[in-house]
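Asks: What follows is a predicted protein model with its sequence.
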Amino acid sequence: MKDSLFLTIIAGVSVFVLGQFFLKLILDPIVSFKSVLGEVSALFLREQAKITNAHATPEIGEEIKRLSSSILAHRQAIPCYRWIRVLFGLPSEDALISSCKSLNWIGSFAVEGSPRISPRQDVPIEIYKEMKNINQQLCIRVTYSEL
């Protein structure tokens, strides 16, 4: 009787500990990562006109760059990303790098009067192409229109 009670308690504690381990090590970082992807989508939808017309404020440009680095930082928090990404439908590492490059490019070139570039007519077209890349690579909505 005492042995079965002891084994039941040990089994219950073990299940709880393993559940918490899985939750904190795997699920919480994935939820955090997906939250950052949601922030990217929200920023692009909220500031779509300013970004696509290359009239963004410096604050918007810096926020885009911050989100780009945040995507990669949150990806690092997910152990065994190559295998876990398949189970949870996360983007590949190549897709993450490509989309973060696009985010950094947009963060630099979407700012109105950016000293890094001379005024060009084709910048809004290039921004749209980069947004399309982000949409395809991260599978998130960045415009209200169909890309």
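Replies: Now that the structure is in, tell me what you want to look at. Everything quoted here is computed from the prediction, not taken from an experiment.

Asks: so the spatially most central residue of the chain, which of the three states?
Replies: With distances taken as C-alpha atoms, centre = their mean, the residue of the chain nearest its centroid is residue 37 (3.3 Å). Under DSSP: H, G, I helix; E, B strand; the rest coil, residue 37 falls in the helix class.

Asks: Was I right to think it contacts residue 140?
Replies: Yes - judged on C-beta atoms under 8 Å, residue 37 makes contact with residue 140 at a distance of 5.3 Å. From N, CA and C alone the C-beta is placed, and that goes for glycine too.

Asks: In contact with the residue nearest to the centre of the chain, which residues?
Replies: Residues near residue 37 by C-beta atoms under 8 Å, 6 or more residues apart in numbering: 71, 138, 140.

Asks: okay, now the closest residue to the second one other than its chain neighbours: neighbour count?
Replies: Among residues not flanking residue 138 along the chain, residue 99 sits closest, at 5.0 Å (C-beta to C-beta, 6 or more residues apart in numbering). Counted with other C-beta atoms under 10 Å, residues neighbouring residue 99 total 26.

Asks: In helices, which of the contacts of residue 37 fall?
Replies: By the criterion of DSSP state H, membership of the contacts of residue 37 in helices covers 71, 138.

Asks: Please render the contacts of residue 37 as JSON lines that adds distance to residue 110 and neighbour count to the earlier fields.
Replies: Listed next are the contacts of residue 37 as JSON lines, based on distance: C-beta to C-beta, whole Å; neighbours: other C-beta atoms under 10 Å:
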{"residue": "71", "distance to residue 110": "17", "neighbour count": "21"}
{"residue": "138", "distance to residue 110": "18", "neighbour count": "22"}
{"residue": "140", "distance to residue 110": "17", "neighbour count": "19"}
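
Asks: Return the closest of the contacts of residue 37 with respect to residue 26.
Replies: Closest to residue 26 out of the contacts of residue 37 is residue 71 (18.2 Å), distances taken as C-beta to C-beta.
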